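Undergrad: Here is the input, now give the coordinates:
(chains A and B)
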Amino acid sequence: MALAENRGAGRHRLPRFQRILWKIARVLGSVVITMLGLMFITFIIGRVMPVDPVLAVVGERATNEVYQQVYHDMGLDRPLLVQFGYYIWDVLHGDFGMSLLNARPVAEDIRRVFPATFELATLGVLFGVVIGVPLGVMAAVKRGSWIDQTARVVALIGYSMPIFWLGLMGLLIFYGILNWVGGPGRLDIIWEGMVPERTGMILLDSLLAGNWDVFKNAFSHIILPASILGYYSMAYISRMTRSFMLEQLSAEYITTARVKGLPERRVIWKHAFGNIRVQLITVIALSYANLLEGAVLTETIFAWPGLGSYITTALLSADMNAVLGGTVVVGLIFVLLNIFSDLLYQVFDPRAK
Amino acid sequence: MSEKPLLDIEDLTVTFPTRQGDFQAVRGISFTLGRERLGIVGESGSGKSMTGRAILRLIRPPGRVEAGKLELEGTDLLKLSEREMQKIRGQRISMVMQDPKFSLNPVMRIGDQIMEIYRFHTGAGKRAAYEKAIEMLEAVSIRDPERVMRAYPHEMSGGMGQRIMIAMMMVTEPDILIADEPTSALDVSVQTQVLSIMDRLVRERGMGLIFISHDLNLVASFCDRVLIMYAGKIVEVCDADRLHEARHPYTRGLLGSLPRLDEPRHHLEVLKRDPAWLDAPSVSGRQ
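TA: Numbering: from 1, shown residues only, chains lettered A, B, ... in the order given. Below is the predicted model of the structure:
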């Protein structure tokens, strides 16, 4: 008993380095379990769907021999668990299989479409944070004032307006009538292929190449869909910021800060805001993850060749390898962003240590 | 008193608009504070905390503070701009609140919180502020102040937290300290310690102390003068050592309802409230 107690006590006094290693191991463990679960479920769904992948490859007029041959080649005659094992093995090697639709490796397709989504989502969430956070803070500080009311209405519209309608209206007004922005697509066709592809994000690639014309054109194309996506995350982020701030502003330590004679700006931004950072990070990360999985409707309206429209196309044409690959990537993004926000918790909240 | 008072308050009211009309939390009280220890005693809702906050002009709108006079050594606090008032808060008048668990910022290091107020009011550099903070922590009997400076509030016990709070609120050497139930959230065993530290500092620096509490005996043993508040008014003013001679039925009732070790009784008296007290004029605590 005494020995056990000693051991228990020793665990807490592990040297710092070992404690960090232990933490990393735990995080990695949870990632592996989550990803395995996700892959298993999508894999099973993919296999029980009433779609014949062999038929998709050989076509309707193939002979039975050809059919059987392909059936064997695709490994479909093996037990489900064995197939799953092979699938995981392949995924670990960065191989999501071949797309049944265009006979290209799915991994390559995803690598091609993901930067487009990443670029759009990042700009969108940036818009949401830059406008949403100050708006939420102002609404909380001036609770009940016209700022608060305006922020509420703006957010409500953001929540309730269908995105395809906003997208179409945006295109009609800003592209069709005013001609302030570029139309659908990532670039006008004459700029296509002008800069070497390094990251796949045209804004970044054109900057790297120092080509301002391409940058300007790409920016005029991305600004409208990014603002519309950003509007949604702004609505969410500003409402959450407001309620987090209201909770903190009534806390006793805020009175302390005022008793200390600090100016209101410092009371709000240093003391109250310092206490909502952690919660806010989670909200922003979730909202970012939502955008990263690909805003299907936005990508469709703006002919944006991103992950959302890729997965949708794959799903509609029963291209299960592509659907599986896309799902795994989206899942991985969610898991990684969660880990990232957990890490920031550790940094910003002394109580989490 | 020949000496000019630190704080001179006449006809102070604190009003909150509600749907049923205005509610007055403090209803026209007057008192002065010299370099003394003044106790304000009363039950919950008697307006004693509101009085403390009104002096610092910390009643948030839509609440209103009105007074015939609210002067700090001749300066009319109600006429100051918000910016000028910020110079008074923390620098001339400070306040220690009830529970250090909630009144210290949980995500800021203790050292930063103490240095913040000092640097803000004196414009001192980091090094000077650090040394001053250490000195203050030592003055409130904190052992190992360097470690405490780096720590976060949740790592402190209640007694330590309250001593840190006192150190923080006194680092600028204010003239007046308002202590709003500073020991109610603490264990009985550390209450005395915190009180004696506060008492020593207030005496050494010749400050004025407003000690708000619901604990009559504590106030009687700790203060020079006591204001008894009821329903937003002062019902009685007396010297602390003559509290047992108090005449007002409310005060007598409060005293009578306290259990005593040396006089065991079968049942305690229950305080009977007379509605007439509500409309009686406030007693002046001016000297």
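Undergrad: Just give me how far stretch A:37-51 sits from the chain centre.
TA: On the basis of C-alpha atoms, centre = their mean, to the nearest Å, stretch A:37-51 sits 22 Å off its chain's mean C-alpha point.
Undergrad: so which strand or helix has the residue nearest to A:Gly128 when sequence neighbours are not counted?
TA: Nearest non-adjacent residue to A:Gly128, counting by C-beta to C-beta, 6 or more residues apart in numbering or on different chains: A:Ser233, 3.2 Å away. In short, each C-beta sits where N, CA and C put it, glycine included. Using DSSP states H and E, A:Ser233 maps to helix A:212-249.
Undergrad: Downstream of that helix, the next helix or strand is which one?
TA: Moving toward the C-terminus from helix A:212-249, the next helix or strand (DSSP H and E) is helix A:252-259.
Undergrad: and that following helix, what's its mean pLDDT?
TA: The average pLDDT within helix A:252-259 is 93.
Undergrad: what's the angle between that helix and helix A:212-249?
TA: Computed by axes from the mean of the first three to the mean of the last three C-alpha atoms, to 10 degrees, the angle separating helix A:252-259 from helix A:212-249 equals 100 degrees.
Undergrad: Check which helices and strands helix A:252-259 is in contact with.
TA: Helices and strands touching helix A:252-259, as assessed by 3 or more C-beta pairs under 8 Å, 6 or more residues apart in numbering or on different chains; DSSP states H and E, comprise helix B:100-103.
Undergrad: immediately after the helix it packs on, which helix or strand?
TA: helix B:110-122.
Undergrad: orientation of that next one relative to helix A:252-259 in degrees?
TA: 30 degrees.
Undergrad: Is there contact, residue-wise, from helix B:110-122 to chain A?
TA: Yes - on the criterion C-beta under 8 Å from any C-beta of the partner chain, helix B:110-122 is in touch with chain A at B:Glu116, B:Ile117, B:Phe120, B:His121.
Undergrad: buried residues in that helix?
TA: B:Ile110, B:Gly111, B:Asp112, B:Gln113, B:Ile114, B:Met115, B:Glu116, B:Ile117, B:Tyr118, B:Arg119, B:Phe120, B:His121 (16 or more other C-beta atoms under 10 Å in any protein chain shown).
Undergrad: try stretch A:34-52
TA: Neighbour count says stretch A:34-52 has A:Met35, A:Leu38, A:Met39, A:Thr42, A:Phe43, A:Gly46, A:Arg47 buried, by 16+ other C-beta under 10 Å.
Undergrad: what's near enough to touch the fourth one?
TA: With contact taken as C-beta atoms under 8 Å, 6 or more residues apart in numbering or on different chains, A:Thr42 is in contact with A:Val323, A:Leu324, A:Thr327, A:Val328.
Undergrad: burial count for the first one?
TA: Around A:Val323 there are 24 other residues, counting by other C-beta atoms under 10 Å in any protein chain shown.
Undergrad: isn't it right next to A:Ile311, touching?
TA: Yes - here A:Val323 reaches A:Ile311: they are 6.2 Å apart, a contact under C-beta atoms under 8 Å.
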